[in-house]
Structure formats: structure tokens, C-alpha cells
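Student: Give the three-dimensional model of this entry:
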Amino acid sequence: MRSWRAWIGIAISIVFLYFAFRGQDLGEIRDSLRTVNLWWLLPALAMYFLGVWIRAVRWSILLKPIAPNVTSRSLFPKVIVGYMANNVLPLRTGELVRSYLVGKQNGVRKTSVLATIAVERIFDGFTMLGFMLVATAFVSFTSELQHLALIAFVVFTLLLIGLFLLTLGGDFLDRLIQLIVGPLPTRVADTVERMTESFLGGLAVFKHRRELLKVASFSLLAWICEASMYYLIAQGFGPQIRDVVGIGATLMTTGVANMATLIPSSPGYIGQFEFGVRLVLNGALRVPEVHALAYAILVHAALYFPITIWGVVLWFRQHLSIDQIQGVDDTLDVDRDAPATAGASFPERRTDQRSV
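Tutor: This next block holds a predicted model:
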């Protein structure tokens, strides 16, 4: 809580909470929640955790070039701990937690692991865009949804092109890196080069089309499982939600709500998620705000509490501490004993470059 970044995230969540709940009667939202048939949560959670397992399989494919012995079974608890950390720590700290756990167990540089997580996020983003595109056959875009889709498409396309160019940069990339690190002190330049090489090693999957196709397929399958969770929870509500949230509305809600959570915020994406669900159900589908927000709260709770509780249990089983995670930023590539990963190969710098 002494971090200014954490307070910025909290402020962002407060703003979204205000826009999501302004003018609402919390008592009416509570009454709407009381009518829900909670038995639908059981199959919904089963589909959600099936999706988490599929994400572990996908991550194992991305990690194979830098950690050949990694398995989806060993990654599954790390994914859960990482999601738990995202729910209780600000600014997606769970991604650092995952990189720390995999780097420590498999002896690979944590920056390489972070690169694979970046690839995950890009495939997630394009899958959400795909959901929104398919949903347009059932749901009419509002101006807000059009703007969100356009911004997301531009951002993720630029990121994807950038990562492809990094993996294919060759000698040009080497010269560019040398130009950047040339004026830097030797120690800083060495660190920058090591982190760059490590990060590029984590992007090795872009050199294998078959593996990329597998990653895309598992991304789609994982998100279909999560979308099924949204659909099943809707079946427990009254006709105001149950009769409206069909396939198209489910895909649109899943896409928009998760796009909203990409914005750095307080732990658990509180505020953005509710705002995203309301944007679809109330803004595009004209569901009364009370029922739309009640649905958003229940889905968010189902996404938050079970995996957070499981993650806390695994956290203590692995004897982790906050001090370890707080030091991840400073040790991302200080672990010099870790083997170099496949990536760019930089020519040796001449000391006179830095003295100019």
C-alpha cells in the first residue's frame, strides 16, 4: 500500500465502480441476487476450472522452447497461484508471480517466462475480439462497444506485429540493441542485453507455425469454457437475464468484460468487470440495470473467490512469501546462473563505443 502504482490502480477501480453503480438502489440489487438458483454455480465452476487447465496446457506449449521438461500438470497450480495473486495484489502482479515460480523450478530466466505470458495475453485479446465479432450476428454494437473493439483491435494488432518483428529482426535487431546500449554504463548495458536476449527466447514459439496454431486453438477452447460459465450462471437468474443471455450475448459479455479488465486497476479488477457487463447487458441488450449488475456481481464472485481460496492454499503449500514476490522485479534477470535461452545473439560490444 506504500506503492503509488497501487493507489493509481485503486483510483481507476473507484472511477469504474462509480460509473457502474451510480444511481442504483443496492437493496434492489440484493433482492435480485436472492432469487438466483445457486445450484447453477456447480456446473459453471466446473467449466471455468476446465478452462484454467486448458490454459496450463497452452502455457506448456509456449514454454517448451525454453523449458523442455515443463508439463501442463506442473503448470496448473502455478496458473492458479498467479490468478490468485492477480486477485489480491494490484496491477497484475500475478504475472510476475508465475514467472518467478516457473523460473525458480525450471532454471530459466524469468524475463523469458514473462515473454510467454505476453504472448498469452495477445492470443487472449484476439480471442475476445473474435467473440465480439461473432456476437455481432446476434447483438447490435453500441457506439461504446464499437470504440472498445476498434481500440482493442489496433492495440493487439500492433503488439502482435511487434513481437513477430522481434523474432525476425536478425542483424538489424542486433544493431538496434547496440545503438541503444552503446552510451550506457557497462553494467547497465549488460543487464539490458541479457534481459532482451532472455525476452526474445520466450518468443521462440513464433518461429513454429504448428505450435502457434495449437496455442490459438487452446486459447479458443479455454475461452469457450469460460463463456460457458457466464451462460450457465445466467440460467440461475429470472427471465430478465435467462431469456436474454443466449450465445450471442454470452460471447459479447465475455469479450467486453475481459477487455475491460486489461486496464491496470486494484486487485481483482473490481469496477471494470461490472462496468463491462453493464455496458453489454444494459447498454446493448436493454436489461434493467439492477438485474445486469446483480448478474455481474455473481459472475465476478464466481471468478474471484474459488480460485483465490485454492490459490492461497497452494501459496502456503509452496512456502511462498510476499517478500519473495516483492523482489521479483529486481531479480527478473539477475539470476545469472540460469541458462541462456534461445533468442537473439548480440555481437560483443567494444568498450570504445561507450566512451564516445
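Student: shaky segments in the stretch 251-356 of the chain?
Tutor: For the stretch 251-356 of the chain, residues meeting the criterion pLDDT under 70 lie at 264-265, 322, 324-356.
Student: how about the strands in this structure?
Tutor: Secondary structure of the chain (DSSP state E): no strands present.
Student: Setting the sequence-adjacent residues aside, check what's closest to the residue positioned nearest the centre of the chain.
Tutor: Residue closest to the mean C-alpha point of the chain, counted by CA atoms, centre = their mean, is residue 121 at 5.2 Å. The shortest distance from residue 121 to any non-neighbouring residue, by CB to CB, 6 or more residues apart in numbering, is to residue 262 (7.8 Å). No exception for glycine: its C-beta is placed from N, CA and C like everyone else's.
Student: State the distance from residue 99 to residue 48.
Tutor: Between residue 99 and residue 48 the distance is 23 Å, computed by CB to CB, to the nearest Å.
Student: Between those two, tell me which one has more neighbours.
Tutor: residue 99 (25 against 22; other CB atoms under 10 Å).
Student: hang on, that one packs against residue 118?
Tutor: No: Residue 99 lies out of contact with residue 118 (CB atoms under 8 Å); the separation is 10.4 Å.
Student: sorry, back to before: so the residue nearest to residue 121 is in contact with residue 125, correct?
Tutor: Yes: if you go by CB under 8 Å, residue 262 and residue 125 touch, sitting 7.3 Å apart.
Student: if you count what's nearby, which of the two comes out ahead?
Tutor: Higher neighbour count among residue 262 and residue 125: residue 125, with 22 against 17, using other CB under 10 Å.
Student: isn't that one right up against residue 156?
Tutor: Yes: under the criterion of CB under 8 Å, residue 125 makes contact with residue 156 at 4.1 Å.
Student: What degree of burial does residue 157 show, as a neighbour count?
Tutor: Neighbour count for residue 157, taken as other CB under 10 Å: 14.
Student: how near is it to residue 81?
Tutor: 31 Å.
Student: Might you report the residue contacts of residue 64?
Tutor: Listed by CB atoms under 8 Å, 6 or more residues apart in numbering, the contact partners of residue 64 are 70, 205, 211.
Student: And for residue 203?
Tutor: Contact partners of residue 203, counting by CB under 8 Å, 6+ apart, are 115, 119, 163, 166-167, 343.
Student: With respect to residue 103, which of those residues is nearest?
Tutor: The nearest member of the contacts of residue 203 to residue 103, counting by CB to CB, is residue 115 at 11.8 Å.
Student: Look at that closest one and say how many residues are nearby.
Tutor: Neighbourhood size, residue 115 [other CB under 10 Å]: 26.
Student: Once you drop chain neighbours, what's closest to it?
Tutor: When the adjacent residues along the chain are set aside, residue 115 lies closest to residue 202, with 2.6 Å between them (CB to CB, 6+ apart).
Student: same check, this time on residue 43
Tutor: residue 232 (5.3 Å).
Student: just to revisit the earlier point, do you know the pLDDT at the residue nearest to the centre of the chain?
Tutor: pLDDT, residue 121: 90.
Student: With the one 5 residues further on instead?
Tutor: Listed pLDDT for residue 126 reads 91.
Student: Does it touch residue 160 like I think?
Tutor: Yes: if you go by CB under 8 Å, residue 126 and residue 160 touch, sitting 7.5 Å apart.
Student: More neighbours: the two, which one.
Tutor: Set residue 126 next to residue 160 and count neighbours by other CB under 10 Å: residue 126 wins out with 19 against 16.
Student: what's near enough to touch the more buried one?
Tutor: With contacts defined as CB under 8 Å, 6+ apart, residue 126 is in contact with 156, 160, 219.
Student: switch to 10 Å and redo it
Tutor: Residues near residue 126 by CB atoms under 10 Å, 6 or more residues apart in numbering: 152-153, 156-157, 159-160, 216, 219-220.
Student: Weed out the non-buried ones from those residues.
Tutor: Those of these that meet the buried threshold are 152, 156, 159-160, 219-220, by 16 or more other CB atoms under 10 Å.
Student: what's the farthest-apart pair in these?
Tutor: 159 and 220, at 18.6 Å, using CB to CB across the buried ones among the contacts of residue 126.
Student: circling back to that earlier point, can you tell me which of the contacts of residue 203 lies nearest to residue 197?
Tutor: residue 343 (4.7 Å).
Student: burial of residue 147, as a residue count?
Tutor: By other CB under 10 Å, the burial measure for residue 147, its neighbour count, is 11.
Student: I misspoke; the intended subject was residue 6.
Tutor: Residue 6 sits with 16 neighbouring residues when counted by other CB under 10 Å.
Student: Quick check: chain neighbours aside, which residue is closest to it?
Tutor: Once flanking residues are discounted, residue 6 sits nearest to residue 90: 4.2 Å by CB to CB, 6+ apart.
Student: do residue 164 as well
Tutor: Spatial nearest neighbour of residue 164, chain neighbours left out: residue 206 (5.9 Å); criterion: CB to CB, 6+ apart.
Student: Same question for residue 48.
Tutor: Sequence neighbours aside, residue 229 is the residue nearest to residue 48 in space, at 4.5 Å (criterion: CB to CB, 6+ apart).
Student: Who are the contact partners of the one you found?
Tutor: Counting by CB under 10 Å, 6+ apart, residue 229 touches 40-41, 43-51, 250, 254, 299, 302-303.
Student: And it, how close does it get to residue 7?
Tutor: Look at residue 229 and residue 7: by CB to CB, they are 32 Å apart.
Student: Then residue 24?
Tutor: Between residue 24 and residue 7 the distance is 26 Å, computed by CB to CB.
Student: Thanks a lot, catch you later.
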